[in-house]
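**Student:** Return atomic coordinates for the entry below.
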Amino acid sequence: MSLRVLVIEDNAMNLALMTYVLQAFGHEVLSAGDGVEGLESLRVDRPDLVLCDIQMPVMDGYAFARAVRADPTTAAAPLVAVTASAMPGDRERMLAAGFDGYLSKPIEPATLMRDLAPFIRQPSEASGQVHAQRVRNLAAEAPSSPALHPCSNGGAGHTILVVDDEPMNLRLKRSLLEPAGFHVVTAESATQGYAEARSHLPDLVISDVGMHPREGGFDLIRMLKADPALAGVPVVFITATHRDPVWEAEGLRLGAQRFLYRPLESADLLEEIRACLPNLSAP
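**Tutor:** Reported below is the predicted structural model:
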């Protein structure tokens, strides 16, 4: 079941994390930076679910929820508050404002879809009216979803080493790959990545290109290819900055199987992973 989800959040990192996880589960994500923008998007785009921060500029989450419930055209929208300050009394205040429930920050990528399941609404086949309905755990449905699981047979248990000097990028990759059944090992430099590769013998390495000023992804692949125990491990480069064809050509010359560019859709990345692990069965 693919949903259209509106995320109202003024913190770019929190927005990026929720967007990444939702897209990993095959959902379309709309975004707004405050309650005013969120109201406009809700009225125009008609999302299936709204995730809303509480502390925001212009119009905070409480004012947004009250405005949604006061408008007959939006009153039935499922609203979930996302807050870092769930103090005693806050739950009652959020429910009184019109929220159906709330999630506490920091968001846990591995459980986000399970936590949202009780708030998802679907059209009633009998009446065509929107109604609240408890749905099956979306994470449990993931094995039948090609957007989440690049392989339905034999994918679980493969180890992927992710190397990137940005902790946020590592967290996002983990939030995509672990729900898809992969074991994820991370490293923040080429030297650390090589050490982790020797320790864990991964089935695939995903690496940034530009990392520490003194070493990058190309240094990592040289180390891997020079080690007989690791030379056969497929390497995929992902970069947002090194878009010159010369960089791509050099990465492929050094032995990388793929040279990919961010932003990259979650489903597309999983397809590339499948292509680099030919022993995985197609969905």
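
**Student:** all helices for the stretch 51-200 of the chain, in order.
**Tutor:** Taking DSSP state H, counting those that start in this stretch, the helices of the stretch 51-200 of the chain run over residues 61-70, 90-97, 112-116, 138-141, 167-177, 190-200.

**Student:** For the last one, C-alpha coordinates in CSV please.
**Tutor:** Pointing back at helix 190-200 there. The C-alpha trace of helix 190-200 is given here as CSV (Å, rounded to 0.1, in the frame of the first residue of the first chain):
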residue,chain,number,x,y,z
ALA,A,190,38.7,4.8,4.0
THR,A,191,41.1,3.5,6.6
GLN,A,192,38.3,2.5,8.9
GLY,A,193,36.4,1.1,6.0
TYR,A,194,39.2,-1.2,5.0
ALA,A,195,39.6,-2.4,8.6
GLU,A,196,35.9,-3.1,8.8
ALA,A,197,36.0,-4.9,5.5
ARG,A,198,38.8,-7.2,6.7
SER,A,199,36.9,-7.9,9.9
HIS,A,200,33.4,-8.5,8.4
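
**Student:** what's downstream of it, the next helix or strand?
**Tutor:** strand 204-207 (DSSP states H and E).

**Student:** Relative to that next one, what are the paired strands and their orientations?
**Tutor:** Taking DSSP bridges as the criterion, strand 204-207 forms sheet pairs with strand 159-163 (parallel), strand 235-239 (parallel).

**Student:** so which of these is the most packed in?
**Tutor:** Of all the strands paired with strand 204-207, strand 159-163 has the most neighbours on average by mean count of other C-beta atoms under 10 Å, namely a mean of 25. Every C-beta, even on glycine, is put in place using the N, C-alpha and C of the backbone.

**Student:** what would the strands paired with strand 204-207 look like in TSV with distance to L112 and mean pLDDT?
**Tutor:** Shown next, in TSV, are the strands paired with strand 204-207 (distance: least, C-beta to C-beta, whole Å; pLDDT from 0 to 100):
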stretch	distance to L112	mean pLDDT
strand 159-163	19	96
strand 235-239	23	94
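
**Student:** Can you get me a residue count around P228?
**Tutor:** A total of 7 residues lie near P228 under the criterion other C-beta atoms under 10 Å.

**Student:** In three-state terms, label it for me.
**Tutor:** coil (DSSP: H, G, I helix; E, B strand; the rest coil).

**Student:** got it, and R243?
**Tutor:** coil.

**Student:** quick one: contacts for it?
**Tutor:** R243 makes contacts with Y261, as judged by C-beta atoms under 8 Å, 6 or more residues apart in numbering.

**Student:** Phi and psi next, for it.
**Tutor:** phi -100, psi 0 (degrees, to the nearest 10).

**Student:** Could you measure from the spatially closest residue to N11 that is not a sequence neighbour over to E37?
**Tutor:** In this structure, N11 finds its nearest non-sequential neighbour in D53, 7.2 Å apart by C-beta to C-beta, 6 or more residues apart in numbering. Counting by C-beta to C-beta, to the nearest Å, the gap from D53 to E37 is 12 Å.
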